[in-house]
Every structure is written in structure tokens, then in C-alpha cells.
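A.B. asks: Everything below, folded, please.
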Amino acid sequence: MACFTYEGMIMFGLGLIPGALGALFIALTGQAHPLQSETALRVFAFVIYGVYFTYFWARRGQTLPMQTWHIRVVTLSGDKLSQPRALARYVAACLWFAPAALIASLNHWTRWDALAAVAIGIFVYALLALLHPQRQFWHDAICGTQLIDAKPEPRAKR
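C.D. replies: Take a look at the predicted model:
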């Protein structure tokens, strides 16, 4: 969960990109930017996050927070993730928050109520890992991936 929290801070920074691009567009053209709708901004952020996660999971098996906490994502056979599998894992990982966000949206809850629902949804999803025989998160079970300990090898003393 510490890695999850660290990842959230990185995602917050990445989430600023759509707003920065919109502000730049307005400054250069003087017109309202085309991403003013909340839906367009959410889709754009979803794509940015997807590129971030799938790139690092397929390339190194780790994002920066995963490196910090010595966690690596691999297939069940221990291989690196392919780009399609990394993308599938990203989409499946939306199970952390998507059900609660969808319920909040369909019920037209306020932002704070929706945020509380998402926080509860994340907590419940984390607890669901206790029901898996290997204590895996369900998006890993669905995608045939697993998180492994990736501590660096100790250096030999001279």
C-alpha cells in the first residue's frame, strides 16, 4: 500500500499534464481549449496513465515507486510483460476504483461523496486479495501476472 500511495503522487503529477496543455492552448490561441469537458479530460488522463504504466511494466517491470519498494511485475512464469499484457493489466487494475466511481457517477453524488466511495472501494479491493489463494490482487490473477520481491543482489565485499 505504501507503493500504491507513492504511485498516487506520481499520477497526480501526470494528471497535471492535461491542464497544462489546455492552459498553453488558451495562451497561444486565445480560445477555449478543446479538452474543457470533464469527460475529455478524464479520457486524456486515462490515456496518459496507461502510457506511463504499460511502458514501465513492459520495459522494466517496475515503475519508479515499484523500484523504491523493490517490487517487480512479471508473468506467472517469471518473464517480462509484453506490451499487450501490460495494457490488459492496466485496464484490469481499474478494478481498484472503477466500480465505486461508476456507482457515484450513476447516482450523481457530490465530488466529496464520490471521493469517499472511491476510497472505500480501494480499501475493499485491497481486502479482496485476502480471498485469493496466493494473496494476489485480482487484476494480477485475471491477467496472469504477479508481483515479486526485486531486492538488488548484495554487492560482494572486496
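A.B. asks: what about the helix or strand encompassing Ala141, average pLDDT?
C.D. replies: Using DSSP states H and E, Ala141 sits within helix 138-143. Mean pLDDT, computed over helix 138-143, is 94.
A.B. asks: So for that helix, what gets flagged as buried?
C.D. replies: 138-141, 143 (16 or more other CB atoms under 10 Å). (Each C-beta comes from the backbone N, C-alpha and C, glycine too.)
A.B. asks: Which of those residues sits closest to Ala98?
C.D. replies: Closest approach between the buried residues of helix 138-143 and Ala98, by CB to CB: His139, at 10.7 Å.
A.B. asks: With adjacent residues omitted, what lies nearest to that closest one?
C.D. replies: Ala92 (3.8 Å; CB to CB, 6 or more residues apart in numbering).
A.B. asks: related to what we said a few turns ago, how far does the helix holding Ala141 sit from its chain's centre?
C.D. replies: With CA atoms, centre = their mean, to the nearest Å as the basis, helix 138-143 stands 14 Å off its chain's centre.
A.B. asks: residues in contact with the residue nearest to His139?
C.D. replies: Ala92 is in contact with 138-139, 142-143, counting by CB atoms under 8 Å, 6 or more residues apart in numbering.
A.B. asks: Throw these into JSON lines and include distance to Ile71, thanks.
C.D. replies: Formatted as JSON lines, those follow (distance: CB to CB, whole Å):
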{"residue": "Trp138", "distance to Ile71": "17"}
{"residue": "His139", "distance to Ile71": "14"}
{"residue": "Ile142", "distance to Ile71": "19"}
{"residue": "Cys143", "distance to Ile71": "16"}
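A.B. asks: And these, which is closest to Ile26?
C.D. replies: Using CB to CB, the contacts of Ala92 come closest to Ile26 at His139, 37.2 Å.
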